[in-house]
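**Student:** can you look at this prediction? I've put the sequence above it.
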Protein chains: 2
Amino acid sequence: MEAKILIVEDERDIVELLRYNLREADFKVDTVRNGADALQRAVDNPPDLILLDLMLPEVDGLIVCRLLKNDPRTKNIPIVMLTAKTEEQDRVTGLELGADDYITKPFSPREVVLRINAVLRRLRASEQDDEENQIETHGVTIDLARHQVLTEDGAIDLTATEFKLITLFARSPGRVFSRNILMDAIWGQEYYGIDRTVDTHVSRLRRKLGDLGKHIETVYGVGYRLKEEK
Amino acid sequence: MEAKILIVEDERDIVELLRYNLREADFKVDTVRNGADALQRAVDNPPDLILLDLMLPEVDGLIVCRLLKNDPRTKNIPIVMLTAKTEEQDRVTGLELGADDYITKPFSPREVVLRINAVLRRLRASEQDDEENQIETHGVTIDLARHQVLTEDGAIDLTATEFKLITLFARSPGRVFSRNILMDAIWGQEYYGIDRTVDTHVSRLRRKLGDLGKHIETVYGVGYRLKEEK
DNA sequence: AAACGTTTTGAATATCCTTTAAAAAAGTAT
DNA sequence: ATACTTTTTTAAAGGATATTCAAAACGTTT
């Protein structure tokens, strides 16, 4: 593996904490303290991933993110943002600007490592098939633009939550998603809820989807998955 | 679920309040009154999460936090800090040191439970995301993401317990696992059951696995092992 | 403020899995 | 070969988890 990570962060303590733990996890680490340096370094010595603090002196992290994503030389480098806890708006904006994941402070070093690995892995996986806005599965089409599921018998309208669920399932057919993963993926990290909620959504989804719904399997004690096509 | 929480707090009233509410929420609870004991206990009897008061007698909570995060034996245990009313500086410092969340006093018991659940969930979600995907052995593939064993003849579904068993075996081919070790690994330390239970699971596992099942060997008087490949 | 659709929650029910006990089989020692 | 111990298998009871329903909470639109 041995990917190179560029840390963009001005607080020394955090830099050291991250540097130490990323090195432990076999990453190469490079650091800069502000946005201008980040842009420069990303071009001169491109990392495999950028860990970007939103709260930077001088130039805001969001702007850095946008600049990185607009420059053809750097736009393919994945970005993981570090955001303060309750800044929901930042999160949304950051993701819109092309960040690949975000971690809310406070974070544990361990979590940072895990998330970075997840992003890198996801990237490698998706390099194969380029981004479609339609997903075909089990004879139906999930149309991301229309926000609908299209079947022979017509279109099925889903609520936002239901749509996220089926999209997540359909993007990784066969993979089992635990309720924890589902809650993280759909509601975000700072959601406090009980996991019976997931069951209810799955239940309604199955009913609405008709035949496709029969392919959503329960893995007892583990989670749910969409049956793989053969 | 049933995680174990270590409370590090010197005020008896608060300890009792927390203990009662965490027990209600199906956590196991352990308590110590000072930092030195906390470090000791975290090593001897590691909890799943530490609830750490910043204001401790003798050794400050921040120092305890740093020590816990620097010790390889305890650094992966998530820490939730209890801090006095909005002492911004403490908060920041604590987070820099790797605490996973913080709660400001006065807190409601309900909030504590919710936050602990959120931290644990977050961590588990990341862990699952991180898992290496496949183990190959004896011509079959154990696919962790799918939660299935894949053979030439198709996929085999296992229950959660059975899957843990075969995964454990396959990760250390040739190693003999005693029933006690297996029970520890699968059900956790504080499980009281008779070891005939293990036999039953192995029996069902062998049957479900077909050919691979024939490679699960009984070591008379000792335990079980998965035959090593040649 | 009322009406609507959606999400979340709690509880009753249904389903599936685990554990136990007991009998049969296999292994070991004398 | 026999007596003894350990393992395997089976089936039933008990426990845990999942599903569904209905009601409450929430958010949005009118």
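**Tutor:** Here it is on my side, so go on.
**Student:** for the residue nearest to the spatial centre of chain A, give its distance to residue A:160.
**Tutor:** In chain A, the C-alpha nearest the mean C-alpha coordinate belongs to residue A:101, at 4.5 Å (Cα atoms, centre = their mean). Using Cβ to Cβ, to the nearest Å, we find residue A:101 at a distance of 21 Å from residue A:160. Every C-beta, even on glycine, is put in place using the N, C-alpha and C of the backbone.
**Student:** residue A:225 now?
**Tutor:** Residue A:225 sits 21 Å away from residue A:160, taking Cβ to Cβ as the criterion.
**Student:** then residue A:102?
**Tutor:** 20 Å.
**Student:** quick revisit: more neighbours: residue A:225 and residue A:160, which one.
**Tutor:** Set residue A:225 next to residue A:160 and count neighbours by other Cβ atoms under 10 Å in any protein chain shown: residue A:225 wins out with 22 against 9.
**Student:** for my notes, confirm the more buried one occurs in a strand.
**Tutor:** Yes: counting by DSSP: H, G, I helix; E, B strand; the rest coil, residue A:225 falls inside a strand.
**Student:** right, and it touches residue A:182 too?
**Tutor:** No: assessed by Cβ atoms under 8 Å, residue A:225 is found out of contact with residue A:182, at 10.9 Å.
**Student:** low-confidence ranges in chain A?
**Tutor:** For chain A, the stretches with pLDDT under 70 are A:1, A:56-59, A:84-98, A:105-106, A:125-132, A:189-191.
**Student:** enumerate the residues of it near DNA strand C.
**Tutor:** For chain A, the contact set with DNA strand C under Cβ under 7 Å from any atom of the strand comprises A:157, A:159-162, A:187, A:193-194, A:196-197, A:200-201, A:220-221.
**Student:** tell me which residues are up against the longest helix seen in chain A.
**Tutor:** The longest helix of chain A (DSSP state H) is helix A:109-126. Contacts to helix A:109-126, defined as Cβ atoms under 8 Å, 6 or more residues apart in numbering or on different chains, come from residues A:1, A:3, A:5, A:17-18, A:20-22, A:24-25, A:27, A:48-49, A:51, A:78, A:80, A:100-101, A:103, B:69, B:75-76, B:98, B:100, B:122-123, B:126-127, B:129-130.
**Student:** pull the CA atoms of the helix or strand that comes right after that helix into CSV?
**Tutor:** Next in sequence after helix A:109-126, counting helices and strands by DSSP states H and E, comes strand A:134-137. Taking C-alpha atoms only, strand A:134-137 is exported to CSV below (Å, rounded to 0.1, in the frame of the first residue of the first chain):
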residue,chain,number,x,y,z
GLN,A,134,-28.1,5.0,-13.6
ILE,A,135,-27.8,1.7,-11.9
GLU,A,136,-29.2,-1.5,-13.4
THR,A,137,-30.1,-4.4,-11.2
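**Student:** going by neighbour count, list what's buried in the next helix or strand after strand A:134-137.
**Tutor:** Later in the chain than strand A:134-137, the nearest helix or strand by DSSP H and E is strand A:140-143. Within strand A:140-143, the residues scored as buried using 16 or more other Cβ atoms under 10 Å in any protein chain shown are A:140-142.
**Student:** who's in contact with strand A:140-143?
**Tutor:** Contacts for strand A:140-143 (Cβ under 8 Å, 6+ apart): A:133-136, A:149-151, A:166-167, A:170, A:211-212.
**Student:** what about whichever residue of chain A sits closest to DNA strand C, how many residues nearby?
**Tutor:** In chain A, the residue that lies nearest DNA strand C is residue A:159 (3.0 Å; Cβ to the nearest atom of the strand). A count of neighbours around residue A:159, defined by other Cβ under 10 Å, yields 12.
**Student:** please see if whatever helix or strand residue A:217 lives in touches DNA strand D.
**Tutor:** For residue A:217, the host element (DSSP H and E) is strand A:216-219. Yes: contact of strand A:216-219 with DNA strand D (Cβ under 7 Å from any atom of the strand) involves residue A:218.
**Student:** how close does the residue nearest to the centre of chain A get to residue B:3?
**Tutor:** Per Cβ to Cβ, residue A:101 is found 25 Å from residue B:3.
**Student:** export the helix or strand containing residue A:169 to CSV, keeping only CA atoms.
**Tutor:** Assigned by DSSP H and E, residue A:169 belongs to helix A:160-171. Extracted in CSV, the C-alpha atoms of helix A:160-171 (Å, rounded to 0.1, in the frame of the first residue of the first chain):
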residue,chain,number,x,y,z
ALA,A,160,-35.3,10.4,0.2
THR,A,161,-34.3,7.9,2.9
GLU,A,162,-35.6,4.9,1.0
PHE,A,163,-33.8,6.1,-2.2
LYS,A,164,-30.5,6.4,-0.4
LEU,A,165,-30.9,2.9,1.0
ILE,A,166,-31.6,1.2,-2.3
THR,A,167,-28.9,3.1,-4.0
LEU,A,168,-26.4,2.1,-1.4
PHE,A,169,-27.4,-1.5,-1.7
ALA,A,170,-27.4,-1.5,-5.5
ARG,A,171,-24.0,0.0,-5.8
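**Student:** pull out the buried positions in it.
**Tutor:** Residues A:161-171 are the ones in helix A:160-171 that count as buried (16+ other Cβ under 10 Å).
**Student:** domain ranges for chain A, per the record?
**Tutor:** Following automatic domain parsing, chain A resolves into domains at A:4-126, A:134-226.
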